[in-house]
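Student: build me a structure from this.
(chains A, B, C, D and E, ligands or ions: 4)
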Amino acid sequence: MTDAWLAPEEWSAVRLSLEVAARSVAVSLAPAVLAAVLLSRGRFPGRTLLDALVHLPLVVPPVVVGWGLLMLFGVRGPVGSLLNDWFGVRLVFTTEGAALATAVMSFPLIVRAVRLGLDGVDPGLEAAAGTLGAGRLDRFFVVTLPLMSPGILAGAVTAFAAGLGEFGAVITFASNIPGETQTLPLAIYSATQTPGGEAAAGRLALVSFGLAVSGLLLAELIARRMGRLLGRGAG
Amino acid sequence: MTDAWLAPEEWSAVRLSLEVAARSVAVSLAPAVLAAVLLSRGRFPGRTLLDALVHLPLVVPPVVVGWGLLMLFGVRGPVGSLLNDWFGVRLVFTTEGAALATAVMSFPLIVRAVRLGLDGVDPGLEAAAGTLGAGRLDRFFVVTLPLMSPGILAGAVTAFAAGLGEFGAVITFASNIPGETQTLPLAIYSATQTPGGEAAAGRLALVSFGLAVSGLLLAELIARRMGRLLGRGAG
Amino acid sequence: MALEVALRHRFGRGGDGFALDAAFVAPTPGVTALFGPSGCGKSTVLAAVAGLLRPREGRVALDGDAVLDTARGVFVPPERRRCGVVFQDGRLFPHLSVEANLRFGLRRAPRGAEGPGFDTVVALLGVGHLLARRPAGLSGGEKQRVALGRALLSRPRLLLMDEPLAALDAARRVEVLPFLARLRDAAGLPILYVTHALDEVDALADSLVLLEAGRVVAEGPVEALSVRTDLPVLSGRRDAGALLACEVLAHDPVRGLTRLTLAGGGELLAPLRPNLPPGRRLRVRVRARDVALATQAPEATSISNIVPSTVTGVEAAGSAEVFVSLMAGQTPLLSRVSPDAVARLGLRPGLPVFAMVKAIALDPAGTGAGSL
Amino acid sequence: MALEVALRHRFGRGGDGFALDAAFVAPTPGVTALFGPSGCGKSTVLAAVAGLLRPREGRVALDGDAVLDTARGVFVPPERRRCGVVFQDGRLFPHLSVEANLRFGLRRAPRGAEGPGFDTVVALLGVGHLLARRPAGLSGGEKQRVALGRALLSRPRLLLMDEPLAALDAARRVEVLPFLARLRDAAGLPILYVTHALDEVDALADSLVLLEAGRVVAEGPVEALSVRTDLPVLSGRRDAGALLACEVLAHDPVRGLTRLTLAGGGELLAPLRPNLPPGRRLRVRVRARDVALATQAPEATSISNIVPSTVTGVEAAGSAEVFVSLMAGQTPLLSRVSPDAVARLGLRPGLPVFAMVKAIALDPAGTGAGSL
Amino acid sequence: QEAAPLTVFAAASLQDALRAIEPAWRDASPGNPPLRFSFAASSALARQIEQGAPADLFASADEPWMDYLQQRNLIAPATRVSPLANALVLVAPANGAARPLALGRGTDLAALLGPDGRLATGDPAHVPVGRYAQAALDWMGQWQALSPRLARADNVRSALLLVERGEAPLGIVYATDARASQGVRVVGTFPVGSHPPVTYPFAVTRRGEADARTRALLAFLTGPGTEETWRRFGFSRAGQ
Ligand SMILES: Nc1ncnc2c1ncn2[C@@H]1O[C@H](COP(=O)(O)OP(=O)(O)OP(=O)(O)O)[C@@H](O)[C@H]1O
Ligand SMILES: Nc1ncnc2c1ncn2[C@@H]1O[C@H](COP(=O)(O)OP(=O)(O)OP(=O)(O)O)[C@@H](O)[C@H]1O
Ligand SMILES: [Mg+2]
Ligand SMILES: [Mg+2]
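Tutor: Ligands and ions are numbered 1, 2, ... in the order given. As a prediction, the model looks like this:
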């Protein structure tokens, strides 16, 4: 891979994609774990509503999610105007905004995976931790969280992969600004929309694929090591 | 909900969305379980490549997936032409095609969830089944498969939800033909492309949301029952 | 002071389910053994005491301090009950090393709580070479030892143990039992102990709760229950026999014997246990099957204890065995003999006899080397 | 015919890991007990025989038929070895009812394979009321019984049992043991049996393999090993003693006694077991601690067996106990007495003595009611 | 028994007008078959036609994609016409302070945008409106300066939304879109010569060629009977 193979703009799209995907995962992981725990363990009114809200980005088209984000986080939106007035933060047209849109889109994927991981944790172990003096939070962080980590990892990997490919919500919310919000999928999309752009699109898709493969290999390694740590393999 | 509330065309989009999402899940479930098992348990050359291929639809933009499908399954594509010549089957621009595109898009989501479910199955139980005379397949179907079913269910639910919202791949591969391939997200898109169509888009998005909520409630019920069957709850 | 337990609970519906309706008082400090057939509700009681099961109705109070009282809506969560539990199914944390498992409770114990130290417990349980391992790589017995250690090290106010020694070999069991006894004695730590083995009851238990199908069928000091012939669960066992409270009188290293004074008067010769200081109170179970009877004082035998007694009862237990209840002074004894012997010796209430017990047959419980 | 086992395996690396290097031959049909301290490798041996562990090197052959031979690249997968396994950790299928668990192996057994029927096993194990339940709702002992039943019902060629009775109460154990013995006798089913309990060995095992730290330290018929005083794992136990082969001679219902002829000559009186037909071969363990010695024939005692013998060895075991080896005719016996008794009676090799054993102390093993 | 429908692949921006025209077409002659539409981006439709989509008529919002099909001999070149035109306008939020002005070479858009405002329009790389915007900015000599300040949207509706929501103080969109929106105000219209004419090429596909009804439909769409409707939706006759 030489610089000649990818145009500088394309390189920046690659970098940006990685950054956006990584930031989106970083941003959404903790809330996703929280949501998963609430949904799996909590018994409160509105649980189903929360569940549905979490899945919302999955069931409506990405463009609509982008619109919704614009309504909410735009400078005139209820949240966006607060952010703007209080912290001077603007999300639309920024890398942060792209990461936010990506995070929202992949949020349900993480939540699902984390829940699955959580459901696999033996409640007997949490009970045991309780008798040993560990309170709710202590139990959660020292027993539940590590034991559900395969689910968290799986969720993060899926979200990262999906983040690399996220398109509709990003272009709608953050627009397609080279160097700031033009991620790889936007570049690919651009290429496919141009007559004769197939070659460029194919090349960039290949890069995307390569990134995903590397990410997966890494995740595989982590998962194997984690499996050992979780006592799946031989001690 | 009266017919007046949704136009007949919109009703058909709702029906079509449900059909496409359901068919896509039906089509991809078995191959996804197979892929998950191969990826989790198999040790063969090219495993990582398969893993990456499975994730491909996640990492490239949906439009590109649709485009790739068009190249492959279009009547001029290598697979599509064979299907057309031999069986007279045409996928492009049909409901089946929309289901195929949706299935491809949600495939990685199911695989991930199924793998997570599979990894949670205690190998000791499979070993025990072996000593009781159950061969590989027997063991798989009678022990492993039921025990990984929470993962399969989670995968199916996620895929169904994602299928309800799938847009880019469908519009690119199957086009936007009312009554045949115009699913709810495509109808929503159409609405957004119309000046003043926001209200209609919002209404349809709400319908989408309602469908998702019902689907989730159903899944929740099944999961609870399954949890009991799997011996999680009290006997 | 006592641990008061009163529980009503029900699993499943209708006649098919299991109903627990048990109440007992376990004196503290002291060890109370829960004894009863499989499925009678022992683990369920333990879970309710630990706070892991919320019974439909009930009250659990330790030394007057209620940790559960459904009538008043009191429910102290498990982490504030400080009950060290040895679970029947281990429940080691699979992602933590053996050492981290052992230290889990220790680290969370309140300051100032007393109990055995890490090194003591590790040495006692012989798990020193396993500290860096994870539970998945442990054998069954090794897992059980770590689970035991984890509970012991959590500096509990109350220990709940569910067949803690079931997977241990005899040698290890002989080491662990006296340790538990010393824990009980030194720290005054109350223990609720589930077991199927009478030797564990002997070594540890002060009182016994006999459960059957969710109900308490008998309850009381172990000694009192040990001579009752109407409780088949106890008397039907091969190792049934009178449990006698006694005190170490003196050691005779040359003869290899230790002399014990019985609380009810009289003496017994037991195998030498030089590490028990004179004056130490302990218990011996004189198993009914180890007690032979004679109507003349036997001579020139290896049998060290020949105790003049009076027959107080003769009760057939099946066609092949007869329980003979005896009084040696104030001390009740049980003997199990064949119907043949009853006939030959003409055993009947009131008859004076000699109870013959080999010293070797006695195993003063609650003893052992090492220190806390 | 025999089960030949030779295994070399290693867990972990370097000096830290566990190395198994064990070879033994278990006669078939027959029951071979694997005996040894926790962590010595018993479960590992079972796993290798069942085909669940692929050892680095080794050979396992049942009646000449190799199911594993690393030298020749033979590895028969578990499902074709037909080894019924009772796992130490249960491993019930959580998604299947108790009945489906029990029938799992039964359904997959080859046609014509013989073994006990479903109803028999269900009745024996007392799990009839649990059939519709799922394993999650079972007590510890209930789980173990189901696991046991599942293995028994799989019509295996070889049974591998890892402490199958550990969580059972004494009463249930007394029912199950004779059933296993009858399985062994009726079907000639070879069994490899891991246990920490000598009474299970007595009831079942024909031969014994003593493991320590992954190596075989002794191996042979149970009777031969039972009188060896150089194996602390066995002789150090409270229930150590000579295991004697004998035959039922006659029953005496009036005296409540059954007369047994010893293989080495002589007779013993045991508690009445009327359901054992005369001529039936069985074994009794005469525990060393149950054998008292006298230099004069005692009179007017309840003791039924007074056997003239000769002292063949006197060996101190610690400061409080002495092992006295005896020969009663051709029959070896062991007695455990206090040093005091040795001195008082002047016990020394060659001395003629009377060995006194209560009938009640004997429990002819392998007996019980019911039929296959 | 209804006649087999004709399939029309049309750019999403033509959606409303075409839907409004359909009843008129059905009424015009009893033999006129119903219409089956697929509205999507011109690029997607062109690719689908290339892959054998059952389209009889293609109404593109973009000349290059029609060229693309023509090069591949997928349309009947003789039928290709560009009957509609649109204008390019500069819009600002309706509630903003921007005043109407005459757009010319000297108009300082950068000043209107302010220090950090962005100019919303379609992505010049692939969205037609963006390409026209680029040409117009080039003509004004401001492309170099403004290109980094573009908010490049996926389609013209998204660009419009950015202005409606006040995310961008200015946007370049079609007159048709600006007209339908309550949220924006037209600040100025780009002069006709500042960019290539915004035209909508229609053509009968090779597949639809054989069917006389398709030609009739094309004739109807480009004929005087529909002119009023097109106008109502903001389109003008090409060349007028
Ligand atoms: N996966 C493993 N990795 C490392 N060591 C292991 C592993 N499995 C077993 N061991 C070690 O091998 C030894 C033998 O284990 P095994 O389970 O055979 O013991 P066992 O004789 O069955 O003991 P127990 O009576 O306690 O069940 C133990 O010391 C154990 O720690
Ligand atoms: N979740 C449950 N649902 C239904 N029944 C249950 C449940 N948990 C326990 N039981 C039943 O309650 C009874 C008591 O169980 P428990 O575990 O207390 O028995 P136990 O005395 O500990 O027996 P063991 O000695 O076998 O461990 C059993 O019959 C068991 O089947
Ligand atoms: Mg229990
Ligand atoms: Mg073991």
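Student: can you count the residues close to E:Thr205?
Tutor: Using other C-beta atoms under 10 Å in any protein chain shown, E:Thr205 has 21 other residues around it. Where C-beta positions appear, they are placed from N, C-alpha and C, glycine not excepted.
Student: is it true that it touches E:Leu74?
Tutor: Yes. Using C-beta atoms under 8 Å, E:Thr205 is in contact with E:Leu74, at 6.2 Å.
Student: pretty sure C:Ile360 is touching D:Arg336, no?
Tutor: Yes. Counting by C-beta under 8 Å, C:Ile360 does reach D:Arg336; the two are 4.9 Å apart.
Student: which neighbours do the two have in common?
Tutor: The contact sets of C:Ile360 and D:Arg336 overlap at D:289, D:321 (C-beta atoms under 8 Å, 6 or more residues apart in numbering or on different chains).
Student: show the pLDDT at E:Thr222.
Tutor: E:Thr222 is assigned 90 on the pLDDT scale.
Student: measure it to chain C for me?
Tutor: Look at E:Thr222 and chain C: by C-beta to the nearest C-beta, to the nearest Å, they are 72 Å apart.
Student: whatever residue of chain A ends up closest to chain E: what's it in contact with?
Tutor: The minimum distance from chain A to chain E, using C-beta to the nearest C-beta, falls at A:Gln193 (3.2 Å). Neighbouring residues of A:Gln193 by C-beta under 8 Å, 6+ apart: E:41, E:43, E:125-127.
Student: so what pLDDT did it get?
Tutor: 76.
Student: for the one 3 residues further on, same thing?
Tutor: Model confidence at A:Gly196, expressed as pLDDT, equals 76.
Student: now E:Ala53
Tutor: At E:Ala53, pLDDT is 82.
Student: not counting its neighbours along the chain, what's nearest it?
Tutor: B:Phe93 (5.5 Å; C-beta to C-beta, 6 or more residues apart in numbering or on different chains).
Student: one more: C:Leu53?
Tutor: Per C-beta to C-beta, 6+ apart, closest to C:Leu53 is C:Ala47, 4.0 Å.
Student: can you pull the pLDDT of that neighbour?
Tutor: Reported pLDDT for C:Ala47: 94.
Student: the helix or strand hosting it packs against which elements?
Tutor: Using DSSP states H and E, the element containing C:Ala47 is helix C:42-50. Applying 3 or more C-beta pairs under 8 Å, 6 or more residues apart in numbering or on different chains; DSSP states H and E, one finds that helix C:42-50 contacts strand C:2-11, strand C:18-27, strand C:31-35, strand C:57-62, strand C:83-86, strand C:158-162, strand C:191-194.
Student: in the sheet, who's paired with the spatially closest residue to C:Ala292 that is not a sequence neighbour?
Tutor: Sequence neighbours aside, C:Met356 is the residue nearest to C:Ala292 in space, at 4.4 Å (criterion: C-beta to C-beta, 6+ apart). Counting by DSSP bridges, C:Met356 forms beta bridges with C:Ala292, C:Ile306.
Student: how close does C:Val45 get to chain E?
Tutor: 65 Å.
Student: contacts only, for that residue.
Tutor: Counting by C-beta under 8 Å, 6+ apart, the residues that C:Val45 touches are C:5, C:7, C:20, C:22, C:34, C:192, C:211.
Student: just curious, which of those residues is nearest to D:Asp239?
Tutor: Nearest to D:Asp239 among the contacts of C:Val45, counting by C-beta to C-beta, is C:Leu34 at 24.7 Å.
Student: what's around the closest one, how many residues?
Tutor: For C:Leu34, using other C-beta under 10 Å, the count is 27.
Student: what do you get for A:Leu221?
Tutor: A count of nearby residues for A:Leu221, using other C-beta under 10 Å, gives 10.
Student: what packs against the helix or strand hosting it?
Tutor: Following DSSP H and E, one finds A:Leu221 within helix A:198-229. Counting contacts by 3+ C-beta pairs under 8 Å, 6+ apart, helix A:198-229 is packed against helix A:8-41, helix A:145-165, helix A:184-192, helix B:47-59, helix B:62-73.
Student: low pLDDT regions in chain E?
Tutor: E:1-2, E:239-240 (pLDDT under 70).
Student: all helices in it, in order from the N-terminus.
Tutor: E:15-28, E:42-50, E:63-71, E:109-113, E:128-140, E:143-146, E:156-164, E:175-180, E:206-209, E:212-222, E:227-232 (DSSP state H).
Student: same list (those) but as TSV, adding mean neighbour count.
Tutor: Listed next are the helices of chain E as TSV, based on neighbours: other C-beta atoms under 10 Å in any protein chain shown:
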stretch	mean neighbour count
helix E:15-28	17
helix E:42-50	26
helix E:63-71	20
helix E:109-113	15
helix E:128-140	22
helix E:143-146	14
helix E:156-164	28
helix E:175-180	21
helix E:206-209	19
helix E:212-222	18
helix E:227-232	15
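Student: distance to ligand 3 for these - can I get that in TSV?
Tutor: What follows is the helices of chain E, written out as TSV (distance: least, C-beta to the ion, whole Å):
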stretch	distance to ligand 3
helix E:15-28	70
helix E:42-50	66
helix E:63-71	75
helix E:109-113	76
helix E:128-140	73
helix E:143-146	78
helix E:156-164	65
helix E:175-180	74
helix E:206-209	76
helix E:212-222	81
helix E:227-232	82
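Student: ligand 4 is nearest to which of these?
Tutor: helix E:42-50 (64.6 Å; C-beta to the ion).
Student: is the closest one anywhere near chain B?
Tutor: Yes. Contact between helix E:42-50 and chain B, assessed by C-beta under 8 Å from any C-beta of the partner chain, occurs at E:44-45, E:47-48, E:50.
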